[in-house]
Every structure is written in C-alpha cells, then in structure tokens.
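K.L.:
Show me the folded form of this:
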Amino acid sequence: LIGDEMLLHKSSALLKDRIKYLHNRRGELETYHTQIDASIVEMQNYIQGAEEEKNERGEVSADEMALPADIQSGQMLILSAENAAINDALFFLDKGLAENNGDNGYGLEVHMAAVRKLAKKQFLVRAHLLKIGQGKAYSSR
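P.N.:
Modelled structure (predicted):
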C-alpha cells in the first residue's frame, strides 16, 4: 500500500510537470499562431497590392522581366539567347537537308559549310558563357 502511494505521488508530480510544460507550450504555440496570422495578412496585402499594380501597368513584357543584375549576367543572357538561336538554326538546316535531298541547289556541301560555320560560332559562344560563369563564381567567393 505504501509502495502504491509513493508511485501515485511520483506519477502525480510527473503529471504536474507535464501539465505545466503543456501550458507553457500552448502559450508558445498561440504566439506562433498569432505571428502566422499576421504574416498571412501581410502576404495577402502584398499580393493584392502587386495585382493592383499589375492591372494598372498592364501586361509586363518578357524583356522587362529579364533584367540582369550586373554586367556579367547581361552578357550571359545575350549569349544564352544566341546559343538557343544557333541551336534552332542547326535544327532547321538539318531539317532542310532531309526534306530537299539535294534539290534547289542545297546539297550536302552547302549544308556542311553552313553547319561548320554555325558550330564554330556556337563553340565560341558556349566557351564565352563558361568563362563568364567561372569569373562570376570566382568573384562571388
């Protein structure tokens, strides 16, 4: 009987500690909940303001959205566009060769010369892109 009372007393103390911890934790969680609610309201106000500004200004062009942060980023943007354009040109040269089969004066020699010229230019563009990227990574250390 005395052993049961001691066990009950220890359990009671443990439960009181747990209840105190849970009350403290509840206060912390309510504080976090209040902060989250305030943040949600702030984000909703920001989104609403951004949507109103967007509606006032109208459609934003892709050129306005792709503004580089520095000179190197601007160079990389231009070089990436040039690389994509060369890829497209190479694709259509191959497609043209496949469709014409040497007709209309567009034979394999002309195709190879054009591909060789574009491939050389593309190699230089990609090398320049890599060099700028390496310089940018080195300067950000």
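
K.L.:
Going by secondary structure, the closest residue to Leu77 other than its chain neighbours is in what exactly?
P.N.:
Nearest non-adjacent residue to Leu77, counting by CB to CB, 6 or more residues apart in numbering: Pro68, 5.4 Å away. (C-beta placed from N, C-alpha, C; glycine too.) With secondary structure defined by DSSP states H and E, Pro68 is part of neither a helix nor a strand.

K.L.:
thought Pro68 was touching Leu79?
P.N.:
No: Pro68 lies out of contact with Leu79 (CB atoms under 8 Å); the separation is 11.5 Å.

K.L.:
follow-up on the earlier one: contact partners for the residue nearest to Leu77?
P.N.:
The contact partners of Pro68, by CB atoms under 8 Å, 6 or more residues apart in numbering, come to 74, 76-77.

K.L.:
The protein: helices as residue ranges?
P.N.:
In the chain, the segments counted as helices under DSSP state H are 2-57, 62-65, 71-100, 108-139.

K.L.:
and these, which one is worst for confidence?
P.N.:
For the helices of the chain, the bottom mean pLDDT is recorded on helix 62-65, which sits at a mean of 76.

K.L.:
how much distance is there from it to the middle of the chain?
P.N.:
When distances are taken as CA atoms, centre = their mean, to the nearest Å, helix 62-65 is centred 16 Å away from the chain's centroid.

K.L.:
what do you get for stretch 12-20?
P.N.:
Average the C-alpha atoms of stretch 12-20, do the same for its chain, and the two points are 49 Å apart (CA atoms, centre = their mean).

K.L.:
Likewise for stretch 50-60?
P.N.:
The chain centroid and the centroid of stretch 50-60 are separated by 22 Å, computed with CA atoms, centre = their mean.

K.L.:
what do you get for stretch 123-139?
P.N.:
Counting by CA atoms, centre = their mean, stretch 123-139 comes out at 20 Å from the chain centroid.
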